[in-house]
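> I would like to see how this sequence folds:
(chains A and B)
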Number of protein chains: 2
Amino acid sequence: MNNNIRINKDRLWSRIMAMAEIGATDLGGSCRLALTEEDRKGRDLFIQWCRDAGCQVAVDEMGNIFATRQGISHERLPIASGSHLDTQPHGGKFDGVYGVLAALEVIETLNDHAVETQSPLVVTVWTNEEGARFAPPMVASGVYAGIYDLEYGLSRKDFQGVTLRQALRSIDYLGDFPCGHNQFAAFLEAHIEQGPVLEKNCKTIGVVTGVQGTRWYKAWLYGQDAHTGSTPMLGRRDALIAAARVIVAVQDIAQRHTPDAVATVGYIDNNPNSHNTIPGKVELAIDVRHPDLRIQEVMEEELRTAIAQISDREHVDYELVRTVETPPVKFDDSCIKAVEYAARELGHEFQSITSGAGHDACHISKAIPTSMIFVPCEKGLSHNERENVKKDDLAAGADVLLHAILILSE
Amino acid sequence: MNNNIRINKDRLWSRIMAMAEIGATDLGGSCRLALTEEDRKGRDLFIQWCRDAGCQVAVDEMGNIFATRQGISHERLPIASGSHLDTQPHGGKFDGVYGVLAALEVIETLNDHAVETQSPLVVTVWTNEEGARFAPPMVASGVYAGIYDLEYGLSRKDFQGVTLRQALRSIDYLGDFPCGHNQFAAFLEAHIEQGPVLEKNCKTIGVVTGVQGTRWYKAWLYGQDAHTGSTPMLGRRDALIAAARVIVAVQDIAQRHTPDAVATVGYIDNNPNSHNTIPGKVELAIDVRHPDLRIQEVMEEELRTAIAQISDREHVDYELVRTVETPPVKFDDSCIKAVEYAARELGHEFQSITSGAGHDACHISKAIPTSMIFVPCEKGLSHNERENVKKDDLAAGADVLLHAILILSE
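Purely as a prediction, here's the structure:
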């Protein structure tokens, strides 16, 4: 292994900081919701950097971006690496951005050292990974991998009813390249852990062997609007009381299955949401995750039982619908081994780890041999403006990515 | 008592239906939030009717409307009656509107029968009674009565940060008549009960002797935004879980003091409100009511204890602020007697009742001898698009208002 090459950690850091300026928030994070004007600016900046590095850039029908560096061989499929540039409403600087710019840094490092690879190399940016604007998350990598069809992807709507197709067109990123038609020999995604494990164990590199399963649910509780002052407690049908009991029940269900289980209500829409009207309708979004599909089934059953009992007790009607399912994922052995080998050869402390978060790599792994590289983030804090990562850890992860790619493209 | 005069119930009904058309909702209610374009249209329509009835119309600095019918005497202060035209987001046809149009109907009935009164008569429309757009509710009647000063009233902001002054100007209802300078000998407000008591007791008329006290609170819960997938349950600081436990605690506190107590969380603002981010900040509006000030103190203490314990348990920080206080109200004996006498003479089934809801009359009673007349509403349902009242009950209440006014203006 040609392990004397190292990435340029100052260039990588300065680019992450430059990207973070687009949609920068007061608390040091970024707000670049998918396909907003900020997302467009981030994409434009990335593409400029890719062109400066001599890459050819293509955009597909889902707005996914592919920046290609030619290889020596004309028979080989490319090795791809990347992540996403969209963020949560109160997102951090590193989530997604690191994986995209680490892959670009690999190409620039190879340029600096005039190293040619047998396989072409491709940096990818996947559209709307976060799901903060358009549900489901990772929808564009899902279309790429054939998990969703194109029309489903393009017809997703944001809370204002704008479709993903309309949003792509509005920022000029509705490409004509057929989504999923460009094949890769392998896909590697570098990412911050977004959890506390590596930091707690003093490891620099997480060799990601798979991803826990995620299920999203929508729950609607239907009560009766009424005046808060003149409606006695007895006989009320308060949808928000029922919703509050469901939120507490979701926490109880997760705690019953710790340490591996997590479950969260992140979104609530209360109607009419007026100080002196008893709420008549509430919508909740529920996020339930576990690495074991059988436990996910048990947790779903517990959720269905809880909402039925609560609705009965509070005299409200309800609906509960599973809206998203991402089953547990097992990554490709050869990709895992390449990452592990690179980490060991470079002398970094590493461990095997299962991802707690969903990533584009989950979907991509259905179509292409895939694995991921994690680096620790401070206190495991992510989806937060205070998300923070050590410069040296970012460099270590990018070096592992560089050498794993060199191994796979030999 | 000249009790052969009766109001025109078809005219009253058709006018209520005409007003309901402005901001009409799919489910048969109305949405005329204070000082919106719909509110402007409702005010314009009312003023047109008043002018057609020969009244002089004035608008004060808070946008309150006064339509005056001259009296025989030039010494006497006017007898005033009215309510409000603004509604909840999902409001009904009758809340407020009935009291305004019943008072107008009294004047038109006197016109029809060429009856002159010693005292001038004034129909009033009070601005922003509901508080759905600008908190506190009843702010303009509060300024009229000297409970709030003018600058406080005009500087109230809606959720978009628009001040009440700006909103008044935008619909051309920022009058120059000094708020509170026009005095009245008495004020009577006809209103639907907005509760189930009269219907349950088969009474047509509620002789309202007073109003229960209302306290509004704002609660803020501060946790930590984090990723829903990769943040273990242990160590989370989920602001929405804490808020949910507060919502349940508010219900428990009210139930501890039933039947007289009511307490409700009607408003919640969850941040960042994203499917896969643990909520970091939640704001709640809490509405607590009881006819006895001492019990209100006890309930407030129970609320402070509950939120402190919950925040400690869920590892979040909190603030709790009392934003609005309307103490219990006792109406004027002579006004109460006039209403009771009229109801008895007209042969309606009636009972004494305490209002569960706040009304402009609560504030007005601080400055002017005041009472109210209630009519039953179907199932006690109000602040709801399905709010419904019998045509004959509306007529009965307006007849009682007519004759109580005649008694007071003798």
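> which phi and psi does the closest residue to chain B within the stretch 51-200 of chain A have?
Using C-beta to the nearest C-beta, the single residue of the stretch 51-200 of chain A nearest to chain B is A:G195, 3.4 Å away. In short, each C-beta sits where N, CA and C put it, glycine included. Main-chain dihedrals, A:G195, degrees, to the nearest 10: phi -150, psi 170.
> What pLDDT is listed against it?
Here the pLDDT value assigned to A:G195 is 88.
> who's in contact with it?
A:G356, A:A357, A:G380, A:S382, B:H227, B:S230, B:T231, B:P232 (C-beta atoms under 8 Å, 6 or more residues apart in numbering or on different chains).
> host element of the spatially closest residue to it that is not a sequence neighbour?
Distances taken as C-beta to C-beta, 6 or more residues apart in numbering or on different chains put B:S230 closest to A:G195, at 3.4 Å, once the chain neighbours are dropped. Per DSSP states H and E: B:S230 is located in neither a helix nor a strand.
> dump the residue contacts of B:S230.
By C-beta under 8 Å, 6+ apart, the residues touching B:S230 are A:E193, A:Q194, A:G195, A:V262, A:S355, A:G356, A:A357, A:G380, A:S382.
> Next one: the fifth one from chain B, what distance?
If you measure A:S355 against chain B using C-beta to the nearest C-beta, to the nearest Å, the figure is 7 Å.
> how close does the closest residue to chain B within the stretch 201-350 of chain A get to B:F94?
Proximity of the stretch 201-350 of chain A to chain B (C-beta to the nearest C-beta) peaks at A:S230, 3.3 Å away. Distance from A:S230 to B:F94, counting by C-beta to C-beta, to the nearest Å: 13 Å.
> and if you look at A:A67?
Going from A:A67 to B:F94 by C-beta to C-beta gives 64 Å.
> Check A:A20 too.
55 Å.
> If any of the contacts of A:G195 are buried, give me the ChimeraX selection for them.
Command for ChimeraX that selects the buried part of the contacts of A:G195, burial taken from 16 or more other C-beta atoms under 10 Å in any protein chain shown:
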select /A:356,357,380,382 /B:227,230,231,232
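> Just put the contacts of A:G195 in a markdown table and tack on pLDDT, distance to B:S141 and secondary structure.
Output for the contacts of A:G195, formatted as a markdown table (pLDDT from 0 to 100; distance: C-beta to C-beta, whole Å; DSSP: H, G, I helix; E, B strand; the rest coil):
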| residue | pLDDT | distance to B:S141 | secondary structure |
| --- | --- | --- | --- |
| A:G356 | 85 | 55 | coil |
| A:A357 | 85 | 53 | coil |
| A:G380 | 88 | 53 | helix |
| A:S382 | 86 | 50 | coil |
| B:H227 | 87 | 49 | strand |
| B:S230 | 84 | 53 | coil |
| B:T231 | 86 | 49 | coil |
| B:P232 | 84 | 53 | coil |
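> Between A:A20 and B:F94, point out the one with more neighbours.
B:F94 (25 against 21; other C-beta atoms under 10 Å in any protein chain shown).
> ok, that one touching B:I192?
Yes - with contact defined as C-beta atoms under 8 Å, B:F94 counts as touching B:I192 (4.9 Å).
> Find residues that contact each of the two.
B:C377, B:S382, B:E387, B:V389.
> In space, what's closest to the first one - neighbours in sequence excluded?
Using C-beta to C-beta, 6+ apart and skipping residues adjacent in sequence, the residue nearest B:C377 is B:I192, 4.3 Å away.
> That neighbour: what's it in contact with?
B:I192 sits next to B:F94, B:D95, B:Y98, B:F374, B:V375, B:P376, B:C377, B:S382, B:E387, B:V389 when contact means C-beta under 8 Å, 6+ apart.
> how much space between A:H84 and A:D95?
As judged by C-beta to C-beta, A:H84 and A:D95 stand 8 Å apart.
> What count of nearby residues applies to A:N271?
18.
> Excluding chain neighbours, what is closest to it?
Counting by C-beta to C-beta, 6+ apart, A:K281 is the residue found nearest to A:N271 once chain neighbours are left out, at 4.3 Å.
> Go ahead and confirm the one you found touches A:L221.
Yes - if you go by C-beta under 8 Å, A:K281 and A:L221 touch, sitting 7.0 Å apart.
> Between those two, point out the one with more neighbours.
Taking other C-beta under 10 Å, A:K281 and A:L221 do not tie; A:L221 has more neighbours (30 against 21).
> Just to check, the more buried one is in contact with A:I247?
No - between A:L221 and A:I247 there is no contact under C-beta under 8 Å: 10.9 Å.
> Need the residues touching each of those two.
With C-beta under 8 Å, 6+ apart as the test, A:L221 and A:I247 both reach A:L284.
> Give me the common contacts of A:S230 and B:F94.
Overlap of the contact sets of A:S230 and B:F94 (by C-beta under 8 Å, 6+ apart) consists of B:S382.
> May I see the domains of chain A written out as residue ranges?
A:9-212+A:328-408, A:213-326 (automatic domain parsing).
> Dump these into TSV; add distance to B:K330 as well.
Converted to TSV, the domains of chain A look like this (distance: least, C-beta to C-beta, whole Å):
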stretch	distance to B:K330
domain A:9-212+A:328-408	47
domain A:213-326	17
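> quick one: which of the ones you listed is nearest B:F331?
Ranking these by proximity to B:F331 (C-beta to C-beta) places domain A:213-326 first, at 16.3 Å.
> pLDDT below threshold where in the stretch 201-350 of chain A?
Within the stretch 201-350 of chain A, no stretch falls below the threshold (pLDDT under 70).
> Could you check how far A:K200 is from A:H383?
According to C-beta to C-beta, A:K200 stands 19 Å off from A:H383.
> Look at these two and report which has more neighbours.
Set A:K200 next to A:H383 and count neighbours by other C-beta under 10 Å: A:H383 wins out with 31 against 11.
> hang on, isn't the more buried one packed against A:G96?
No - using C-beta under 8 Å, A:H383 is not in contact with A:G96, being 10.9 Å away.
> how about the residues of the stretch 1-150 of chain A near chain B?
By C-beta under 8 Å from any C-beta of the partner chain, the residues of the stretch 1-150 of chain A that approach chain B are A:Q88, A:P89, A:H90, A:E130, A:G131, A:A132, A:A135, A:P137.
> hmm, 7 Å instead?
Residues of the stretch 1-150 of chain A found near chain B (C-beta under 7 Å from any C-beta of the partner chain) are A:Q88, A:P89, A:H90, A:G131, A:A132, A:A135, A:P137.
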